[in-house]
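Q: need a 3D model of the following:
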Amino acid sequence: MNAVGIDVSKGKSMVAALRPMGEVAITPCEIRHDKIGLEHLADLVVALSEDTRVIMEATGRYHEPVVAALHEAGIFVSVLNPILISLFALLHINN
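A: Now for the predicted structure:
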């Protein structure tokens, strides 16, 4: 499965993707939250394969246009609570 991580901020996002075994599929790049940028993001993700998952943190409302554009393109998207991600990291650091 390919994994796409998106770090969302106001007006833009950083995107990167890995194939199985850690091969870089999309080198980190900035995507603007305008029509052209979001269409480009959807095209990048669709080009990877059907077996691709997109993961991002909920960031107030900033993530909403990104989620909408990817969902519209038929892409699987998980939006995670940042508190849960922090707790997960703490558990793995302590083990």
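Q: now the helices for the protein?
A: Along the chain, counting by DSSP state H, helices occupy 35-48, 64-72, 82-94.
Q: what about Ile55, neighbour count?
A: 14 (other CB atoms under 10 Å). From N, CA and C alone the C-beta is placed, and that goes for glycine too.
Q: quick one: residues contacting the residue nearest to it when sequence neighbours are not counted.
A: Nearest residue to Ile55, sequence neighbours excluded (CB to CB, 6 or more residues apart in numbering): Ser78, at 5.0 Å. Residues counted as contacts of Ser78 (CB atoms under 8 Å, 6 or more residues apart in numbering) are Arg53, Val54, Ile55, Met56.
Q: and Arg61, by the same measure?
A: No contacts exist for Arg61 under CB under 8 Å, 6+ apart.
Q: ok, now Leu38?
A: Contacts of Leu38 (CB under 8 Å, 6+ apart): Ile31, Pro65, Val66, Ala69.
Q: how close does it get to Val4?
A: 14 Å (CB to CB, to the nearest Å).
Q: ok, Gly11 next?
A: 19 Å.
Q: those two: which is more packed in?
A: Using other CB under 10 Å as the criterion, Gly11 and Val4 rank with Val4 on top: 23 against 11.
Q: tell me how far the residue nearest to Ile55 lies from Gly22.
A: Counting by CB to CB - Ser78 and Gly22 are separated by 20 Å.
Q: low-confidence stretches in this structure?
A: 94-95 (pLDDT under 70).
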